[in-house]
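Visitor: All I have is the shape, not the residue letters:
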């Protein structure tokens, strides 16, 4: 085990290094893409539709847009090297500050959604695998198909309609917390955790209530792949020789299913969960819009629509880095869960 | 009656398949006395494993006992449910399986797996269970048991894994142990060590054992009584001596004949009617090569090192004449497969050269060798006939593929004729050609693999354990086929195998490999009858033989 963990860390470090060129590529590609897309930010940010040519030219100069594209790229890269992602024209704030304020909201939402999805998907997959072809199996399949078929904004709106409008159980879907609650001192940026740290249980409950609906509508979308992969790998696991061995020595049903079959079956689920998490981070813009959630995805969408270069580039860089980080975490988890990987 | 530990009475087992119910076991009756070792012998599909699984209640969901009784200590096993059943499994009867590595949980330390078995049946603390697990590892003679407790199956060799499996199976001192092909896939030397261990443990603990195997020799060496199964029925039951000297049933007779022994010749392996075609070639004299003919294949100081670590093969030299058959034997890890693949130019040697028919081919990159005109002269037959055929190619496509790639033939009448000719030469019925591999039996797939290899009329055929996955009766036919092809077409055979009996029959010369180097080589019969090195002697002695009694010798 000791060598296994060490090898895993070395492997993860190597993986991290090898992803740096890809990150750089993402950086340059996004930069060029933004320059190719139609729309002139200078026109957009001029005082009004009647702004004169000189004014626009002046703004272009201020923004450095009069220089050639390679020159702009060099400036951009050197800025990034200094930790400066530029300034958003929409908010007037540095992009780094904007992202730092909004990222915890997105992460909190995505983590919660993933947690809900896993808690639902793994048992569903296991139950389906234990009785393949049964009514339970078909029920799970139907549920998964529905989750994938219904787009998140539709399921989100449905959830709002039922739980807010009809039943009145959920609070109004406007952001992370209602305006009257005072915010806790910021430690992690995750409201639910910060409230707990501050000992404010009322605030915690309020934040959780806000979180549930958007998280569930996001989770519904990813339960299907997670449940399917759990079912498939559980079937393989249950049919394997070592499960037969476990049965041959009379182990209890629980031990056979959980300790022998499920622990082996969970390995591919870890990989898929990592991929799902990365996809959710980028794709949750719809949910953020529907629930007015102040996250990074909706921020980037707004910036993109108004040709605001810096936030979009910052957002893409952030997503790419997160993707690398998530893969790293998956690698380490996998290395701990499976003693065999350190061998290769 | 009461002394029988296990009494199987007219057992029927059926499996529900897509084509309806298929009966795998149809009326098996046998008894096992306490402390006895019974051999249950038969070829694949004979229902021997299914009988074992039915006894331990481990049948797949599709399988069901449809009739008969399995009385264990007077209690009908087939009627047990829930906790009663679990108290039986592991505690009173246990099982060890064919593929030991797959039979162990890959992500659980072996010490924990043994402790799991102990804790299921005994109310003791985890520490006590761990101590017992350690004792068991000592009992199955695993070196450094303290360290091995925390090892995972992938860190152990196949033989080690089987010892761990035995430790798990005997952890609660069962009265009956069912060993389902426990040593298939292990080296002969490992097989002997594992089987000796198993026999000793069974004797020391008074444990009855059912040894399920396809290897008559193995059963004969370890069992006092052998039951022969064919198509779901027991056709004969006797002591080994009686079974081999005065066998009654026609099937047993065929099975015994097909099992290679120290003295058997290829022509002895099959029954009279199948022998004709072979005998016709046998009479044809071997063409005498004029003196000074250069060897077909010359390998000089071949070496292979993989990324890190020591050499897999080092300083390997050999020569082969046209039409000669050479055996390459050794335990797993001895480098015999690596060597054969280098000669086939499927992997690149690190050092040395390979000269084929006067041309140096050792330096042609294996990636480019498929373009060499010599590619069709060196062909290969692979170990697993199931895995080495493209599942989406019909038998016809499989045989036609090398003809189209290497001989540049186009689809048409000429190609069809060549394919059919190849099929006929390997004895593959022509109506099987449109079938896909999964619709063919193991022996038929092996024939397709050989037909594919000989399609381009190669001069050297490299065979990597071509019969390891086949039943003995099929193996006999395939061996005879290979030898006939060699004689008919003067194809040189390089035969890689761990089955020394087969090599002894088929090969003129034998090379013994160990740790990547040649230990001994020479004319096959002399080498096996009179080994010069201890290593070869150990290999030869480990082969389980059928003791053909004096009666049999007289009958021949």
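Guide: Sure thing, it's come through. Bear in mind the structure is a predicted one, so any value in this text is a computation, not a measurement. Residues are numbered from 1 along each chain as shown, chains lettered A, B, ... in the order given.

Visitor: which ones are touching the spatially most central residue of chain A?
Guide: Central residue of chain A (C-alpha atoms, centre = their mean): residue A:281, 2.2 Å from the mean position. Neighbour list for residue A:281: A:106-107, A:110, A:297, A:319, A:322 [criterion: C-beta atoms under 8 Å, 6 or more residues apart in numbering or on different chains]. All C-beta spots, glycine's among them, are computed from the backbone N, C-alpha and C.

Visitor: Pull the number of nearby residues for residue A:202.
Guide: Neighbour count of residue A:202, defined by other C-beta atoms under 10 Å in any protein chain shown: 9.

Visitor: so how far is residue B:97 from the residue nearest in space to the middle of chain B?
Guide: Central residue of chain B (C-alpha atoms, centre = their mean): residue B:468, 3.8 Å from the mean position. Separation of residue B:468 from residue B:97 (C-beta to C-beta, to the nearest Å): 18 Å.

Visitor: Is residue 318 in a helix, a strand, or coil?
Guide: Because you didn't say which chain, this covers chain A. Here residue A:318 is recorded as helix under DSSP: H, G, I helix; E, B strand; the rest coil.

Visitor: hmm, I had chain B in mind actually
Guide: strand.

Visitor: re earlier: return the backbone torsion pair for the residue nearest to the centre of chain B.
Guide: Backbone torsions of residue B:468, given as degrees, to the nearest 10, read phi -60, psi -30.

Visitor: how about it, what does it touch?
Guide: Counting by C-beta under 8 Å, 6+ apart, residue B:468 has contacts B:383-384, B:497-499.

Visitor: what's the neighbour count on the closest residue to residue B:310 other than its chain neighbours?
Guide: Leaving aside its sequence neighbours, residue B:310 sits nearest to residue B:516 (C-beta to C-beta, 6 or more residues apart in numbering or on different chains; 7.8 Å). Residues lying near residue B:516 (other C-beta under 10 Å) number 22.

Visitor: same thing with residue A:264?
Guide: Residues near residue A:264, counting by other C-beta under 10 Å: 23.

Visitor: three-state assignment of the closest residue to it other than its chain neighbours?
Guide: Spatial nearest neighbour of residue A:264, excluding adjacent residues (C-beta to C-beta, 6+ apart): residue A:237 at 4.7 Å. What three-state DSSP gives for residue A:237 is helix.

Visitor: Out of the helices and strands in chain A, which is least certain?
Guide: Across the helices and strands of chain A, mean confidence by mean pLDDT, DSSP states H and E is lowest for helix A:41-45: a mean of 69.

Visitor: Would you mind listing where the stretch 51-200 of chain B has pLDDT under the threshold?
Guide: Across the stretch 51-200 of chain B, nothing is flagged by pLDDT under 70.

Visitor: Flag every residue of it that's near chain A.
Guide: B:56, B:58, B:85-91, B:94-95, B:97, B:99, B:102-108, B:116-117, B:120-121, B:150, B:152, B:154, B:165, B:168-169, B:171-172 (C-beta under 8 Å from any C-beta of the partner chain).

Visitor: Out of those residues, which end up buried?
Guide: Neighbour counting over those (16 or more other C-beta atoms under 10 Å in any protein chain shown) leaves B:56, B:58, B:86, B:88-91, B:94-95, B:97, B:99, B:103-108, B:116-117, B:120-121, B:152, B:165, B:168-169, B:171-172 as the buried ones.

Visitor: Quick check: strands, which of those residues are part of them?
Guide: Residues from those lying in strands, with DSSP state E as the criterion: B:94-95.

Visitor: List, one by one, the residues from chain B near chain A.
Guide: B:56, B:58, B:85-91, B:94-95, B:97, B:99, B:102-108, B:116-117, B:120-121, B:150, B:152, B:154, B:165, B:168-169, B:171-172.

Visitor: Mind telling me which residue of the stretch 251-400 of chain B is nearest chain A?
Guide: Using C-beta to the nearest C-beta, the closest approach of the stretch 251-400 of chain B to chain A is made by residue B:307 at 11.6 Å.

Visitor: count of residues packed around that residue?
Guide: 4.

Visitor: Please tell me the pLDDT value assigned to it.
Guide: Per-residue pLDDT puts residue B:307 at 71.

Visitor: Quick check: it is in a helix.
Guide: No. According to three-state DSSP, residue B:307 belongs to no helix; its state is coil.

Visitor: quick one: residue A:200 from residue A:191, how far?
Guide: From residue A:200 to residue A:191 the distance is 10 Å (C-beta to C-beta).

Visitor: if I look at the two, which residues touch both of them?
Guide: residue A:184.

Visitor: out of the two, which sits in the busier spot?
Guide: Regarding residue A:200 and residue A:191, a neighbour count based on other C-beta under 10 Å identifies residue A:191 as having more, with 24 against 18.

Visitor: now the more buried one, nearest residue through space, not along the chain?
Guide: Counting by C-beta to C-beta, 6+ apart, the residue nearest residue A:191 is residue A:207, at 4.2 Å.

Visitor: residues contacting that neighbour?
Guide: Counted by C-beta under 8 Å, 6+ apart, residue A:207 has contacts A:176-177, A:191-192, A:195.

Visitor: Please identify which of these is nearest to chain B.
Guide: residue A:192 (33.4 Å).

Visitor: so that closest one makes contact with residue A:206?
Guide: No. Using C-beta atoms under 8 Å, residue A:192 is not in contact with residue A:206; the gap is 9.9 Å.

Visitor: Could you list the low-pLDDT ranges of the chain?
Guide: The chain I'm using is chain A. A:1-5, A:39, A:43-51, A:179, A:342-344.

Visitor: please go with chain B instead
Guide: Using pLDDT under 70, the flagged stretches of chain B are B:1-2, B:247, B:270-277, B:281-292, B:308-309, B:547-556.

Visitor: now the helices for the stretch 201-344 of chain A?
Guide: A:201-238, A:241-248, A:253-254, A:263-283, A:285-290, A:296-305, A:309-337 (DSSP state H, counting those that start in this stretch).

Visitor: residue furthest from the geometric center of chain B?
Guide: Of all residues in chain B (C-alpha atoms, centre = their mean), residue B:125 lies farthest out, 41.9 Å.

Visitor: contacting residues around residue A:65?
Guide: A:40-42, A:72.

Visitor: Surely it is in a strand?
Guide: No. Counting by three-state DSSP, residue A:65 falls outside a strand, being coil.

Visitor: Identify the residues contacting the residue nearest to residue B:310.
Guide: Contacts of residue B:516 (C-beta under 8 Å, 6+ apart): B:304, B:310-314, B:316, B:334-335, B:338.

Visitor: Closest one to residue B:132 out of these, please.
Guide: Nearest to residue B:132 among the contacts of residue B:516: residue B:334, at 36.7 Å, using C-beta to C-beta.

Visitor: Excluding chain neighbours, give the residue nearest to that closest one in space.
Guide: residue B:513 (4.3 Å).

Visitor: Quick check: what element follows the host helix or strand of the one you found along the chain?
Guide: In the assignment (DSSP states H and E), residue B:513 maps to strand B:509-514. Using DSSP H and E, the next helix or strand after strand B:509-514 towards the C-terminus is strand B:517-523.

Visitor: Given that following strand, what are its sheet partners and their directions?
Guide: Paired with strand B:517-523 in the same sheet, following DSSP bridges, are strand B:509-514 (antiparallel).

Visitor: For the partner strand, what is the distance to the chain centroid?
Guide: 19 Å (C-alpha atoms, centre = their mean, to the nearest Å).

Visitor: Need the contact partners of that strand.
Guide: Against strand B:509-514 from outside (C-beta under 8 Å, 6+ apart): B:316, B:318, B:324-331, B:334-336, B:339, B:503-504, B:518-524, B:527-528, B:533, B:535-536, B:539.

Visitor: cutoff 6 Å now
Guide: Residues outside strand B:509-514 that contact it (C-beta atoms under 6 Å, 6 or more residues apart in numbering or on different chains): B:326-330, B:334-336, B:503, B:518-521, B:523-524, B:527, B:535-536.
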